[in-house]
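> next one to model:
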Amino acid sequence: MVIIGRGAEAILEMREFKDLYFPSRDLNIKVVIKKRVKKGYRLGEMDLHLRRSRTVLESRLIHEAKKYVRTPAIFEVDLDECYIVMEYVEGERIKEFLEKIDSERRKNICRKIGNMIGKLHKNGIIHGDLTTSNMIYRDNEIYFIDFGLGEFSKEIEKQGVDMHLLKEAFQSTHYEHFMEDFENVMKGYEEVVGEEKKREILNRIREIERRGRYVRRDSLYNKQ
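Residues are numbered from 1 along each chain as shown. As a prediction, this is how the structure comes out:
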């Protein structure tokens, strides 16, 4: 067992598939166990309810998203212990992959990302943590991982927040090509949702950014 991630809500462990299910077989498949941990500050019953509901929701999101984009395969969902056993997608994070490739390939990858997000949004799936760290490139395909903050919704506000998060990720991590990259993402998005919906999303992103500036400015004034 190897711990590969530890967040506010869950611990990620990597294991061998055969160790969990078929010890007698020589299966070279790695899995990730995502276990939501108990929170001491929450009442026991409420804590279990929250962990169970988030575990159910995440597994449903991954299952539903698989109809439209590549996601890890789910092998088991345990609601007593609040964990999901899923495929470990071995590949390279888009975060690093984008920095290695030429401009033409980069453009195509960004458009593909936008296209995939468009399919999710069109079908009422909000990822909740859209960054290039949560996208894996493997065998010429892009996989979306970590739906832990996601939800089912077709609200323009939630779709706008999703895309705003991605824009911020490109701006902070891929700043040298940020404008071009995000423009290509939105072109791919438009191919699925249409020009009118794309404009709606861009307007909502601008609105979210304005709100953020007001909050920061008010916070600064309150400190003076």
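
> all contacts plus neighbour counts: C-alpha atoms, from now on.
Fine.

> where do the domain boundaries of this protein fall?
Here the domain parsing of the chain from automatic domain parsing is 2-87, 92-220.

> and those domains, which is most packed in?
domain 92-220 (a mean of 18; mean count of other CA atoms under 10 Å).

> so who does residue 181 touch?
106-107, 110, 170 (CA atoms under 8 Å, 6 or more residues apart in numbering).

> for these, which one is nearest residue 47?
residue 170 (34.8 Å; CA to CA).

> local confidence estimate at the closest one?
Turning to residue 170, the model gives it a pLDDT of 95.

> got it, and the one 5 residues further on?
pLDDT, the model's per-residue confidence, is 84 for residue 175.

> for the protein, give me the ranges with low pLDDT.
Filtered on pLDDT under 70, the chain yields the residue ranges 1, 22-27, 213-224.

> the helices in this structure, which residues?
With DSSP state H, the ranges of helices along the chain come out as 17-20, 44-65, 94-97, 103-122, 156-173, 178-193, 195-223.

> need these in TSV (columns: distance to residue 137).
Shown next, in TSV, are the helices of the chain (distance: least, CA to CA, whole Å):
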stretch	distance to residue 137
helix 17-20	22
helix 44-65	17
helix 94-97	6
helix 103-122	10
helix 156-173	17
helix 178-193	16
helix 195-223	25
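
> ok, which of those comes nearest residue 82?
helix 44-65 (5.6 Å).

> of all the contacts of residue 181, which comes closest to residue 61?
The closest of the contacts of residue 181, once distances to residue 61 are taken by CA to CA, is residue 110, at 22.7 Å.

> that closest one and residue 182 touch, don't they?
Yes - the criterion here is CA atoms under 8 Å, and residue 110 meets it with residue 182 at 7.4 Å.

> figure out how far stretch 165-176 is from the centre of its chain.
How far stretch 165-176 lies from its chain's middle: 15 Å, per CA atoms, centre = their mean, to the nearest Å.

> no no, stretch 116-133
7 Å.

> endpoints of it, how far apart?
Stretch 116-133 has an end-to-end distance of 16 Å (CA to CA, to the nearest Å).

> what does that stretch contact?
61, 65, 68-69, 93-95, 146-154, 158-159, 162-163, 165-166, 169-170, 188-193.

> likewise stretch 73-87?
Residues from elsewhere that reach stretch 73-87 (CA under 8 Å, 6+ apart): 29-37, 51-52, 55-56, 59, 63, 72.

> if we go to 6 Å?
Stretch 73-87 has contacts (CA atoms under 6 Å, 6 or more residues apart in numbering) with 31-36, 52, 72.

> between those, which sits nearest residue 100?
Checking the contacts of stretch 73-87 one by one against residue 100 (CA to CA), the nearest turns out to be residue 72, at 24.3 Å.
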